[in-house]
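1. make a model of this:
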Amino acid sequence: MIKGYAGSYASEQSQCLIQFCFDETTKQFTQRKELPGFEDAKYLSYVNKKLAAVCRRNAAGITLWDISCDKTMTHLSETKTSCFITQDDSYIYTANYHEGTISVYKKVQDLPLIKRIYIQEAAGCHQVLLQENYLLVPCLLLDAIYVFDRRKDFACVHILPFPAHSGPRHGVFTKNKYLYVVSELSNELFMCHMNEKMQGNVQVVQKLWDTQNQKAAAAAIRIDAQEKFLYITLREVNQIIVFDRKAKRIVQRLSTMGDHPRDMQLSKDGRFVFVIHRFSHDIRVFERDEKSGLLQPLRAKLHVQEGVCIVFEQEES
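-> Just a heads-up that it's a prediction; the model follows:
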């Protein structure tokens, strides 16, 4: 049984978190439960039975739910809700797109804010990648990834430039420090082999959507456990792309069976890919062939109003 959570934008119809279960044998959703108290939880993170979420009440901030003892803590110190959250065993990190900040909270009573890194207003901070002693922050509106050293009080030690108007959005690392990044504005896949100081040369690997009238489309990027394939969603054309790392080419492009695929996740065993859609308000599921990496759509469908994020009760990669 796969157990997960779906987050969404706050609206009159969406004021909660959705908890769900998926049966791998029947290939159907078996449970859907609404969990109140998670308003505007548009990004989630799960580590060691702790679910972290961005949130908004009178102000914006974070909520941490310790599932093992059903205890919830909240810290509200941001003006606008962050667009991304992640965590390790000791800290929670958020990226605020509009404020241009990275916030670091300690995972103790009351979740104290220990550091707020100001990059630039409207920098478009879209993710925080944890890599050894570094934080890597794709800044979509600055066409760069900012690198911060946790050992130096989160000082910025390097800026990785991207082509003008590319808009780096999200990235994934391989074990041998290859960084793959999707750009939202130019709809491209980039690669950079990073050294021990998180420096490297950015290279264009693949154009994801080739059209004269293209819009900002690229959203999520994931990598399988064997690091053979990349999975990328394109919102404007409602597609998911399978990219073969060794062959360096797209091997499959298919419909996500919904509207505006904002996020996706691979199940822990790699058998299934779950895609969440904001405008069709649902999660759709694909069965995955481990050898070829190719996807086959299933009939399973779960309603999530304005859903934009999905996590499982498994450790983040």
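
2. neighbours around Cys192, how many?
-> Residues within reach of Cys192, counting by other CB atoms under 10 Å, total 20. No exception for glycine: its C-beta is placed from N, CA and C like everyone else's.

3. need the residues that contact the helix or strand hosting it.
-> Assigned by DSSP states H and E, Cys192 falls within strand 188-193. Strand 188-193 is contacted from outside by 160, 162, 166, 168, 177-183, 200-208, 218, 221, 230, 232, 243, using CB atoms under 8 Å, 6 or more residues apart in numbering.

4. at 10 Å what do you get?
-> Strand 188-193 has contacts (CB atoms under 10 Å, 6 or more residues apart in numbering) with 145, 160, 162-163, 166-168, 171, 174, 176-183, 198-209, 218, 221, 230, 232, 241, 243, 245, 248, 250.

5. going by neighbour count, which residues of that strand are buried?
-> The neighbour-count check on strand 188-193 (16 or more other CB atoms under 10 Å) flags 188-192 as buried.

6. list the contacts of the helix or strand following that strand.
-> Using DSSP H and E, the helix or strand that follows strand 188-193 in sequence is strand 203-207. Contacts of strand 203-207 with the rest of the structure, by CB under 10 Å, 6+ apart, involve 162-163, 166, 180-183, 186-193, 214, 230, 232, 241, 243, 245, 248-250.

7. circling back: so which of the contacts of strand 188-193 sit within strands?
-> Among the contacts of strand 188-193, the ones falling in strands (DSSP state E) are 145, 160, 168, 171, 178-183, 203-207, 218, 221, 230, 232, 241, 243, 250.

8. what subset of the residues you listed is buried?
-> 145, 160, 168, 171, 178-183, 205-206, 218, 221, 230, 232, 241, 243, 250.

9. regarding stretch 151-160, how distant is the last residue from the first?
-> The first and last residues of stretch 151-160 sit 19 Å apart, counting by CA to CA, to the nearest Å.

10. how many residues are close by Asp282?
-> 21.

11. re earlier: for the strand holding Cys192, what is the distance to the chain centroid?
-> In terms of CA atoms, centre = their mean, to the nearest Å, the centre of strand 188-193 is set 17 Å apart from its chain centre.

12. likewise stretch 112-125?
-> 18 Å.

13. in contact with Asn187, which residues?
-> 166-167, 206-211, 214-218, 232, 234, 236-237.

14. mind doing that once more with 6 Å?
-> 208-209, 214, 217-218 (CB atoms under 6 Å, 6 or more residues apart in numbering).

15. how close does Thr81 get to Arg56?
-> Thr81 sits 5 Å away from Arg56, going by CB to CB, to the nearest Å.

16. no, scratch that, I was asking about Glu132
-> Glu132 is 32 Å from Arg56, by CB to CB.

17. do Asp70 as well
-> Taking CB to CB, one finds Asp70 at 22 Å from Arg56.

18. between these two, which one's more packed in?
-> A side-by-side neighbour count of Asp70 and Arg56, using other CB under 10 Å, places Arg56 first with 19 against 7.

19. neighbours of the closest residue to that one other than its chain neighbours, how many?
-> In this structure, Arg56 finds its nearest non-sequential neighbour in Asp40, 3.9 Å apart by CB to CB, 6 or more residues apart in numbering. By the measure other CB under 10 Å, the count of residues near Asp40 is 21.

20. and Asp40, that's in a helix?
-> No. Looking at Asp40 with DSSP: H, G, I helix; E, B strand; the rest coil, it is coil, so not inside a helix.

21. ok, it touching Arg57?
-> No. Proximity of Asp40 to Arg57 does not meet the contact threshold set by CB atoms under 6 Å, at 8.7 Å.

22. before we move on, back to that, which of the buried residues of strand 188-193 sit farthest apart?
-> Greatest spatial distance in the buried residues of strand 188-193: Glu188 and Cys192, 12.8 Å, computed using CB to CB.

23. what pairs with the strand holding Cys192, parallel or antiparallel?
-> strand 178-183 (antiparallel), strand 203-207 (antiparallel) (DSSP bridges).

24. and of these, who's closest to Glu290?
-> Of the strands paired with strand 188-193, the one closest to Glu290 (CB to CB) turns out to be strand 178-183, at 19.5 Å.

25. what angle separates that closest one from strand 168-173?
-> 160 degrees (axes from the mean of the first three to the mean of the last three CA atoms, to 10 degrees).

26. residues in contact with strand 178-183?
-> Under CB under 6 Å, 6+ apart, the answer for strand 178-183 is 166-173, 189-194, 218, 221, 230, 232.

27. what's the closest non-adjacent residue to Lys128?
-> No, residue 128 isn't Lys; it's Val. Tyr93 (4.4 Å).

28. so which other helices or strands are in contact with the helix or strand harbouring Glu287?
-> Assigned by DSSP H and E, Glu287 belongs to strand 282-288. Strand 282-288 sits against strand 272-277, strand 295-303, with contacts defined as 3 or more CB pairs under 6 Å, 6 or more residues apart in numbering; DSSP states H and E.

29. ok, 8 Å please
-> strand 272-277, strand 295-303, strand 307-312 (3 or more CB pairs under 8 Å, 6 or more residues apart in numbering; DSSP states H and E).
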